[in-house]
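Enquirer: next come a sequence and a model predicted from it.
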Amino acid sequence: MEIKKVGVLGCGLMGSGIAQVSAIAGFEVTVLEVEQKFLDKGFAGIERSLAKFAEKGTIKETPQAIRARLNGTTNMRDLADCDIVVEAVIENIDEKKKMYAALDDVVKPDGIFASNTSSISITELMAATKRPHRFIGLHFFNPVPLMKLVEVVRTIATADDVFQTAYEFGKKLGKVPVRTSDKTGFIVNRLLVPYMLDAIRAYEEGVGSIEDIDNAMKLGCGYPMGPFTLLDFVGLETTYYITQVMYDEFKERRFAAPPLLKRLVMAGWYGRKTGKGFYDYSDPANPKPNKL
Ligand code: 3HC
């Protein structure tokens, strides 16, 4: 099956990034949101990102030519003829299931459904539709326009040709696809989440300060960001949600949220997006570690 038209559900950070890389790759893209203002915000971010790429000469076409392949809509029916629909809406299982059930009646029967979920079971989502064999996970990484990886997740029901089509689609987006199966966390979060939680535990136990632990992993291991900078970047409420799903699945302490993470989330300190997390971002260019 050849993919020509791409649908994206959600124009937040991940959805707009997925829409952007799809348009750069030459696909016609339709993005669905609940309100026009979310589309406007997402598309403004895409335009800024495309302008940066144009400045650096990393895109072959003009930003305007790429932008012309991106359409926004608040009407699900506009996704009817999509060959693949990638969902990147809020990590709420009931919301996602409702959306998939509605979409199932609208999108052509051979359209592929893909979810960008980082922790919800693809199998559970697929069961909300009448097309389980045409359902996969496509897990992208933030910031999508820069991060080279996409995890392609198969379930016990995924058809071979659907998996192959999704894998090739990942490549066409300029990503390196990796194959994985529907075990909560897939490859990256299975390894990354315990690492980030261990950094919080190390801090709680007085092993080092927030800044020193970050510098240690950045400069000692060559990671682009230390664990606390990364936690604030991913979002503490997102990480907390992932830990709950992973702990529920595996019942292992390494996936359980340390008390400090839970307290930061209860306080509404979600990281960069709220201006406060492990660091204070009052001066965004010069974040200062909070006294925790
Ligand atoms: N579009 C275009 N250009 C962008 C951009 C975007 N969306 N975002 C940043 N850039 C540009 C910047 O403007 C900058 O350009 P310049 O060199 O001309 O100033 C350049 O990219 C580099 O950015 P920065 O100088 O801000 O910072 P870095 O060199 O540190 O790179 C980074 C930024 C790529 C985000 C890097 O820090 C990194 O790789 N961090 C780790 C990110 C990571 O681990 N992501 C995965 C999170 S886990 C996840 O998403 C899964 C989920 O399930 C939890």
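Expert: Arrived safely.

Enquirer: C-alpha from now on. contacts and neighbour counts both.
Expert: OK.

Enquirer: which is the next helix or strand following the top helix by length along the chain?
Expert: When every helix of the chain is counted residue by residue (DSSP state H), the longest turns out to be helix 36-56. Sequence order places helix 63-67 as the next helix or strand after helix 36-56, per DSSP states H and E.

Enquirer: show residues contacting that next one.
Expert: 23, 24, 26, 47, 50, 51, 54 (CA atoms under 8 Å, 6 or more residues apart in numbering).

Enquirer: surely residue 81 forms part of a helix?
Expert: No: if the criterion is DSSP: H, G, I helix; E, B strand; the rest coil, then residue 81 is coil and not within a helix.

Enquirer: give me the number of residues near it?
Expert: Other residues within reach of residue 81, judged by other CA atoms under 10 Å, total 18.

Enquirer: so who does it touch?
Expert: Counting by CA under 8 Å, 6+ apart, residue 81 makes contact with 5, 107, 108, 111.

Enquirer: contacts for stretch 228-238?
Expert: Taking CA under 8 Å, 6+ apart as the criterion, the residues outside stretch 228-238 that touch it are 142, 196, 199-200, 210, 214, 239, 261, 264-265, 269-273, 277-279.

Enquirer: that one - what's its average pLDDT?
Expert: With pLDDT averaged residue by residue, stretch 228-238 scores 97.

Enquirer: just to revisit the earlier point, report the buried residues of the longest helix of the chain.
Expert: For helix 36-56, the buried set under the neighbour-count rule, 16 or more other CA atoms under 10 Å, comprises 38, 39, 42, 43, 45, 46, 47, 49, 50, 51, 53.

Enquirer: same question, stretch 63-73
Expert: 63, 66, 67, 69, 70, 71, 72, 73.

Enquirer: in JSON lines, list these along with pLDDT and distance to residue 168.
Expert: Conversion of those to JSON lines gives the following (pLDDT from 0 to 100; distance: CA to CA, whole Å):
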{"residue": "63", "pLDDT": "98", "distance to residue 168": "24"}
{"residue": "66", "pLDDT": "98", "distance to residue 168": "21"}
{"residue": "67", "pLDDT": "98", "distance to residue 168": "23"}
{"residue": "69", "pLDDT": "98", "distance to residue 168": "20"}
{"residue": "70", "pLDDT": "98", "distance to residue 168": "21"}
{"residue": "71", "pLDDT": "98", "distance to residue 168": "23"}
{"residue": "72", "pLDDT": "98", "distance to residue 168": "25"}
{"residue": "73", "pLDDT": "98", "distance to residue 168": "27"}
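
Enquirer: confidence score at the residue sitting furthest away from the middle of the chain?
Expert: Among the residues of the chain, the one whose C-alpha is farthest from the average of all C-alpha positions is residue 206, by CA atoms, centre = their mean at 32.0 Å. At residue 206 the predicted local confidence, pLDDT, stands at 97.

Enquirer: hang on, the earlier thing: whether the longest helix of the chain contacts the ligand - can you check?
Expert: Yes: Helix 36-56 reaches the ligand (CA under 6 Å from any ligand atom) through 49, 52, 53.

Enquirer: returning to what we had before: from the buried residues of stretch 63-73, pick the one nearest the ligand.
Expert: Closest approach between those and the ligand, by CA to the nearest ligand atom: residue 63, at 12.0 Å.

Enquirer: ok, the closest one to residue 18 distance?
Expert: Taking CA to CA, to the nearest Å as the criterion, residue 63 is separated from residue 18 by 16 Å.

Enquirer: and residue 172, by the same measure?
Expert: Residue 172 sits at a distance of 12 Å from residue 18 (criterion: CA to CA).

Enquirer: who's more crowded, those two?
Expert: Residue environment comparison for residue 172 versus residue 18 gives the larger neighbour count to residue 18, 31 against 17, counting by other CA under 10 Å.

Enquirer: wait, what's in contact with the more buried one?
Expert: Applying CA under 8 Å, 6+ apart to residue 18 gives the contacts 8, 140, 144, 145.

Enquirer: same question, residue 112
Expert: So residue 112 contacts 83, 84, 85, 134, 135, 136, 162 (CA under 8 Å, 6+ apart).

Enquirer: rewinding a little: could you dump the buried residues of helix 36-56 into CSV with pLDDT added?
Expert: Formatted as CSV, the entries for the buried residues of helix 36-56 read as follows, by pLDDT from 0 to 100:
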residue, pLDDT
38, 98
39, 98
42, 98
43, 98
45, 98
46, 98
47, 98
49, 98
50, 98
51, 98
53, 98
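
Enquirer: which of the residues you listed lies closest to the ligand?
Expert: Of all those, the ligand sits closest to residue 49, with 3.9 Å by CA to the nearest ligand atom.
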